[in-house]
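Undergrad: The sequence isn't on hand, but the structure is:
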């Protein structure tokens, strides 16, 4: 899977994402759902568990930068 193919995918936060934290998100991909380590796109933003997010950037193999999908 190339880096750009994950950009735009929707996921859900399963471990709080925020400053000084390595969070976790579950993303539906390849016919299933997989966990990825996650960081916020905004360095000061905190994204709580359960928030629906959009993948903004993917750093292979398992790290993504995310933003809330429906505003904050």
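TA: Yep, that arrived. Computed from a predicted structure; not experimentally measured.
Undergrad: is it true that residue 45 touches residue 18?
TA: Yes - counting by C-beta atoms under 8 Å, residue 18 is a contact partner of residue 45 at 6.8 Å. Every residue, glycine included, has its C-beta placed from N, CA and C.
Undergrad: Looking at these two, which is more packed in?
TA: Neighbours per residue (other C-beta atoms under 10 Å) separate residue 45 from residue 18, with residue 18 holding more: 18 against 15.
Undergrad: Tell me the buried residues in stretch 29-48?
TA: Residues of stretch 29-48 classed as buried by neighbour count (16 or more other C-beta atoms under 10 Å): 36, 38, 39, 40, 41, 47.
Undergrad: can you check stretch 60-72 too?
TA: Neighbour-count burial for stretch 60-72 flags 64, 65, 66, 67, 68 (criterion: 16+ other C-beta under 10 Å).
Undergrad: Residue 11 contacts residue 66, correct?
TA: Yes - counting by C-beta under 8 Å, residue 66 is a contact partner of residue 11 at 6.8 Å.
Undergrad: residues shared between the contacts of the two?
TA: 25, 53, 54, 55 (C-beta atoms under 8 Å, 6 or more residues apart in numbering).
Undergrad: so what's the third one up against?
TA: When the contact criterion is C-beta under 8 Å, 6+ apart, the partners of residue 54 are 8, 9, 10, 11, 66, 67, 68, 69.
Undergrad: Could you list which of those residues belong to strands?
TA: Residues of these located in strands (DSSP state E): 10, 11, 66, 67, 68.
Undergrad: how much space is there between the second one and residue 61?
TA: Just to be clear, that refers to residue 11. 16 Å (C-beta to C-beta, to the nearest Å).
Undergrad: for residue 33, what are its contacts?
TA: Residue 33 makes contacts with 26, 27, as judged by C-beta under 8 Å, 6+ apart.
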